[in-house]
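Visitor: heads up, no residue letters with this:
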């Protein structure tokens, strides 16, 4: 795989089986969010680098797509085993460049490898159909590879999110050009080494690094037939619109504003634990994180008060750091500033700060990491900005509602449509909410209702959580 180890501090491109410095010879710093110190540099690629990567993928496509699905899955089985073997090393890279705690980082790897495992089953899942529909007519449908697929991924899950696309697209016969987040390129640089060790032919998998110019060159390239994107809603819409203007297939997943609803018959201990894990896990930097908790009933009620007190107690016991059970930093200073602005605006709007994560900044003065603690805000106005907009940080907005109908109206009126969950001990109550939520992935007594293959992942059409075509992974994937 060339002469530079993938875990080196300089992350170059990977094109046609070789480590390739960018034509520009320009690099961006890679920053450890726990210390704000530079830990490496990543290539800033131009359209020339993109052209080379797409050309390599296009050249490899004919021979790769001519293999049987079973033969391609055999390569992926080897990769699956290598990921398991190197899971600890991959997790350490995630901790280093993303700031997750070690348990979350290991889960990132394990969850991504589940999709690799699913892709290995495609020989049994994508056969297509054939039938003699009349005396002289036979109909057949089949799944043919498209060609070169571009995958553009975010910083928040350095391993799992790329695996939403790569293994399925590859086993289906496509070739890949991956554009990892420039904030967390080390993990996928190591993964490229594992693909190489698994024996994937040169050009089947390529990686280019960079920012907006690199992404636009990928989308616009005439030999890129499909694009997958995960990121913020405004950019997801831009990517989707740009792809569709070129008649390209595109799956573009955006942001979220996920609501949890707690009924008076919920299990207080279990609900409190789950809510805290949902909103504060991964420092709140995930599109399935809880963002709003709606507590139904009298705000002075015994259950309602006990639940909120228990949530505050559990969240306040979380410590800063990247060890198991701790909460890591947010990704960068820009994210930190954004989160702080929502807390400050909530105060100005009359909301009450029940747990102030800004205390961490004072307690850790001198530590240059991007640490902000779990924050809980009690709102009296359901139109407060923190109640309505995606924050992408460890902030939970709490609002008391008088009725089920009010809770549903608040959830369903938000412009996003990723996830929602109900906490109750009554099956009939759960069914009432689950049949009325305006969101795609729903849970009962679970705050992060992420589906597992063969069920697909994706927000609701017509909302700011999802643009483009189909879902990602599972049966919703286009193969």
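Guide: Great, that's in hand. No experiment lies behind these values; they were computed from the predicted model shown.
Visitor: from here on, contacts and neighbour counts on C-alpha atoms
Guide: Noted.
Visitor: which helices and strands sit right next to the helix or strand encompassing residue 243?
Guide: Take DSSP states H and E as the rule and residue 243 turns out to sit in helix 233-245. Using 3 or more C-alpha pairs under 8 Å, 6 or more residues apart in numbering; DSSP states H and E as the contact test, the elements touching helix 233-245 are helix 212-220, strand 224-230, strand 249-253, strand 466-468.
Visitor: check which residues of it are buried.
Guide: For helix 233-245, burial by neighbour count (16 or more other C-alpha atoms under 10 Å) applies to 233, 235, 236, 237, 239, 240, 241, 242, 243.
Visitor: for the third one, which residues are in contact?
Guide: Residue 236 sits next to 229, 230, 252, 253, 254, 466, 467 when contact means C-alpha atoms under 8 Å, 6 or more residues apart in numbering.
Visitor: please apply the same query to the first one.
Guide: Counting by C-alpha under 8 Å, 6+ apart, residue 233 touches 253, 254, 255, 464, 465, 466.
Visitor: got a PyMOL select line for the buried ones in those?
Guide: Restricted to buried positions by 16+ other C-alpha under 10 Å, the PyMOL selection for the contacts of residue 233 reads:
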select buried, resi 253+254+255+464+465+466
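Visitor: contact partners of the longest helix seen in the chain?
Guide: When the chain is parsed with DSSP state H, its longest helix is helix 47-66. Applying C-alpha under 8 Å, 6+ apart, the contact partners of helix 47-66 are 14-16, 22-23, 72, 145, 147-148, 172-177, 201-208, 213-214, 217-218, 221, 223-224.
Visitor: on that earlier part again, what would the buried residues of helix 233-245 look like in CSV with pLDDT and distance to residue 45?
Guide: Below are these laid out as CSV (pLDDT from 0 to 100; distance: C-alpha to C-alpha, whole Å):
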residue, pLDDT, distance to residue 45
233, 97, 24
235, 97, 19
236, 96, 21
237, 97, 23
239, 97, 19
240, 97, 22
241, 97, 23
242, 97, 20
243, 97, 21
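Visitor: of the residues you listed, which is the nearest to residue 160?
Guide: Nearest to residue 160 among the buried residues of helix 233-245 is residue 236, at 18.5 Å by C-alpha to C-alpha.
Visitor: picking up where we left off before, so which of the buried residues of helix 233-245 comes closest to residue 280?
Guide: Nearest to residue 280, judged by C-alpha to C-alpha, of these is residue 233 at 21.3 Å.
Visitor: for the residue lying closest to residue 394 once chain neighbours are set aside, give me its contacts.
Guide: Nearest non-adjacent residue to residue 394, counting by C-alpha to C-alpha, 6 or more residues apart in numbering: residue 284, 4.3 Å away. Residues in contact with residue 284 (C-alpha under 8 Å, 6+ apart) are 278, 290, 392, 393, 394, 395.
Visitor: by neighbours, which of the residues you listed wins?
Guide: residue 290 (31 neighbours; other C-alpha atoms under 10 Å).
Visitor: phi, psi for that one please.
Guide: According to degrees, to the nearest 10, the main-chain angles of residue 290 amount to phi -70, psi 140.
Visitor: any stretches of the protein with poor pLDDT?
Guide: By pLDDT under 70, the low-scoring segments of the chain are 1-8, 474-479.
Visitor: surely residue 33 and residue 100 touch.
Guide: No: Residue 33 is beyond contact range of residue 100, at 9.6 Å (criterion: C-alpha atoms under 8 Å).
Visitor: looking at these two, which is more packed in?
Guide: Neighbours around residue 33 and residue 100, counted as other C-alpha under 10 Å, are more numerous at residue 100. The numbers are 34 against 25.
Visitor: for that one, give its distance to residue 225.
Guide: To residue 225, residue 100 is 34 Å away according to C-alpha to C-alpha, to the nearest Å.
Visitor: contact partners of stretch 85-98?
Guide: Contacts to stretch 85-98, defined as C-alpha under 8 Å, 6+ apart, come from residues 30-34, 100-102, 105-106, 108-110, 155-156, 158, 183-184, 186-187, 190, 322, 331.
Visitor: stretch 373-384 too?
Guide: 280, 283, 312, 315-316, 318, 320, 327, 343, 346, 349-360, 387-388, 394-399, 410.
Visitor: just the buried subset of those residues, written out for PyMOL, thanks.
Guide: Remark: buried members of the contacts of stretch 373-384, expressed as a PyMOL selection using 16+ other C-alpha under 10 Å:
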select buried, resi 280+283+312+315+316+320+327+343+346+351+352+353+355+356+357+387+388+394+395+396+397+398+399+410
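Visitor: could you verify that residue 178 is part of a strand?
Guide: Yes: counting by DSSP: H, G, I helix; E, B strand; the rest coil, residue 178 falls inside a strand.
Visitor: who's it bridged to?
Guide: For residue 178, the beta-bridge partners are residue 151, residue 207 (DSSP bridges).
Visitor: roughly how far does it sit from residue 160?
Guide: Counting by C-alpha to C-alpha, the separation of residue 178 from residue 160 is 13 Å.
Visitor: again, but for residue 367
Guide: Distance, residue 367 to residue 160, using C-alpha to C-alpha: 29 Å.
Visitor: so which of these two has more stuff around it?
Guide: Each of residue 367 and residue 160 has its neighbours counted (other C-alpha under 10 Å); residue 160 has more, 21 against 13.
Visitor: thought residue 114 was touching the more buried one, still the case?
Guide: No: counting by C-alpha under 8 Å, residue 114 is not a contact partner of residue 160; they are 9.0 Å apart.
Visitor: mind listing the strands for the stretch 51-200 of the chain?
Guide: Under the criterion DSSP state E, counting those that start in this stretch, the stretch 51-200 of the chain contains strands at 129-134, 137-141, 148-152, 175-179.
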